[in-house]
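J.: have a look; sequence and predicted model below, questions after that.
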Amino acid sequence: MRHLKKSFDNREDLISYVRELAPWAVGKHSYIQGGTDKAERKLAAIDPIAYAHTRNFGDGAISRLSPYIHHGILSLNAVRNYVLTKYSEPAQISKFVQELAWRDFWQRILITHPQWAWEDAEPYKTGFTAQDYADDLPEDIAYGKTGVACIDAFIHELIATGFIHNHARMYLASYTVHYRRIKWQTGAKWFLHHLLDGNVASNNLSWQWVASTLSHKPYIFNLENVDKYFGKLVDTSPLTNHPLDASYEMLQERLFPNIGKPL
Amino acid sequence: MNAPIIWLHEEALRTSHPVFRAAPTEAKAIYVWDDAYFRRVNYSLKRLIFIYETLCALPVDIIFGNTPDILRELAPTTLYIPATNNPLILEIITELKTITSVQIYEDEAFVVPKKSADFIRFFQYWNKAEKTAFLKNGGLDA
């Protein structure tokens, strides 16, 4: 029986060791490190009040706890209990606790409906059927070469770090499913490959939510929205983000031309 | 048969998980670095490194191999396993149940009711969960 090494002189040695264990695994290491001590440090740094006001912005005060929560290093209960010890007013922590609740919600949904991990929960509400969506992820999406500047920036961050802001995840999911008409399952697999917090329940059911197979309508976004929340961080000029530069009414017509038309 | 074992998987990497309290003191915790599983889930190197870094800080033996084969060889009287909803880990657990007795332990609850999910939209869940979401331990020790 082969017992593996647990003590290393430095992170580089550990990385080399894992690379030898799994020579087939692609990519590089992330700057985000695993471990209980790292999780506790992140937990101590959370600011639920700032989170409530800034969470939708690319540079907002998000907790970045999800990789530690996915791996069970921190339980949702422990995180909630921690914020309760720091903040006495429910209003101060309501948005943050609700975000934890989203994760609990997805976990429960998958326990009750395990088939929804990979099967459509409901039909698409896009005017298309599941057969209209492609099975394979195009290479330009996989490697961030779509030519849409902000989308490519989000993809490069996903590949390099294994973590992107939730809002950026929604943009990428919406771009993949609705702008490019790729099956949500294909996108979900791509995210699970990269995301350090990649969790079948939270990830796959969120993709279903964006796709509209687990929601009343498809989630779409436009360049104005990206500029509002990420304008300081990524290139949001209309020239380099042409497909996204439209009103919601125009996008609705362009992306879902069959909606409202007789079958 | 040998001493019971706590079999950890990638979604429960902490010693304060209820499975540690449930298992007898002689139970050792192990993590099987299962190459076949990792190939199936197709994790990138950065995900594998994150898991390995986490394991290094835990009092667990990391054993390389196929999970059912390793546990067949270790032959524990009972396997103590943290609950999961991950389909591929559930597949492994189903196979482990053919090898020995398995006991599954849920993680700490976030809200009451602990498990039910007779809803499919978040607001339906939140209407039920909100009352206990702002209580320590979800109100369970009240």
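T.: Looks like it came in fine. Here the structure is a predicted model, which is why all the values come from computation and not from measurement.

J.: I'd like the next helix or strand past the top helix by length along chain A.
T.: The residue-count maximum for a helix in chain A (DSSP state H) belongs to helix A:90-112. Downstream of helix A:90-112, the next assigned helix or strand under DSSP states H and E is helix A:139-142.

J.: buried stuff in that following helix?
T.: residue A:141 (16 or more other CB atoms under 10 Å in any protein chain shown). For glycine as for every other residue, the C-beta is placed from the backbone atoms N, C-alpha and C.

J.: cool, stretch B:55-74 as well?
T.: Within stretch B:55-74, judged by 16+ other CB under 10 Å, the buried ones are B:55-58, B:60-63, B:65, B:67, B:70-71, B:74.

J.: and it, anywhere near chain A?
T.: Yes - judged by CB under 8 Å from any CB of the partner chain, stretch B:55-74 comes into contact with chain A at B:55-58, B:61-65, B:70, B:73-74.

J.: quick revisit: okay, and which of the buried residues of stretch B:55-74 map to strands?
T.: Judged by DSSP state E, these include B:61-63 as members of strands.

J.: closest to residue A:170 out of those?
T.: Using CB to CB, residue B:62 comes nearest to residue A:170 of those, at 35.8 Å.

J.: would you mind giving the domain segments of chain B?
T.: B:5-105, B:110-142 (automatic domain parsing).

J.: I'd like to know which of those is closest to residue A:177.
T.: domain B:110-142 (19.2 Å).

J.: chain center to the closest one, what's the gap?
T.: Here domain B:110-142 is found 21 Å from its chain centre; the criterion is CA atoms, centre = their mean, to the nearest Å.

J.: count the neighbours of residue A:10 for me.
T.: Neighbourhood size, residue A:10 [other CB atoms under 10 Å in any protein chain shown]: 7.

J.: same question, the one 10 residues further on
T.: For residue A:20, the tally of surrounding residues (other CB under 10 Å) stands at 8.

J.: check the one 5 residues further on too.
T.: By the other CB under 10 Å criterion, the neighbourhood of residue A:25 contains 20 residues.

J.: check contacts around the residue lying closest to it once chain neighbours are set aside.
T.: Leaving aside its sequence neighbours, residue A:25 sits nearest to residue B:45 (CB to CB, 6 or more residues apart in numbering or on different chains; 4.1 Å). By CB atoms under 8 Å, 6 or more residues apart in numbering or on different chains, the contact set of residue B:45 is A:18-19, A:22, A:25-29.

J.: can I get these in JSON lines including distance to residue B:135, secondary structure and pLDDT?
T.: As requested, those are exported to JSON lines (distance: CB to CB, whole Å; DSSP: H, G, I helix; E, B strand; the rest coil; pLDDT from 0 to 100):
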{"residue": "A:18", "distance to residue B:135": "40", "secondary structure": "helix", "pLDDT": "98"}
{"residue": "A:19", "distance to residue B:135": "45", "secondary structure": "helix", "pLDDT": "98"}
{"residue": "A:22", "distance to residue B:135": "42", "secondary structure": "coil", "pLDDT": "98"}
{"residue": "A:25", "distance to residue B:135": "42", "secondary structure": "coil", "pLDDT": "98"}
{"residue": "A:26", "distance to residue B:135": "44", "secondary structure": "coil", "pLDDT": "97"}
{"residue": "A:27", "distance to residue B:135": "41", "secondary structure": "coil", "pLDDT": "97"}
{"residue": "A:28", "distance to residue B:135": "43", "secondary structure": "coil", "pLDDT": "97"}
{"residue": "A:29", "distance to residue B:135": "39", "secondary structure": "coil", "pLDDT": "98"}
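
J.: list phi and psi for the residue positioned nearest the centre of chain B.
T.: In chain B, the residue lying closest to the centroid (CA atoms, centre = their mean) is residue B:82, at 2.9 Å. Note on residue B:82: backbone dihedrals following degrees, to the nearest 10 are phi -70, psi 140.

J.: can you give me the strands in chain A?
T.: Ranges of strands in chain A, per DSSP E, are A:2-3.

J.: any weak-confidence spans in it?
T.: Applying pLDDT under 70 to chain A flags residues A:262-263.

J.: contact partners for the residue nearest the centre of it?
T.: What sits nearest the mean C-alpha location of chain A, by CA atoms, centre = their mean, is residue A:169, with 3.7 Å. Counting by CB under 8 Å, 6+ apart, residue A:169 touches A:191, A:206.
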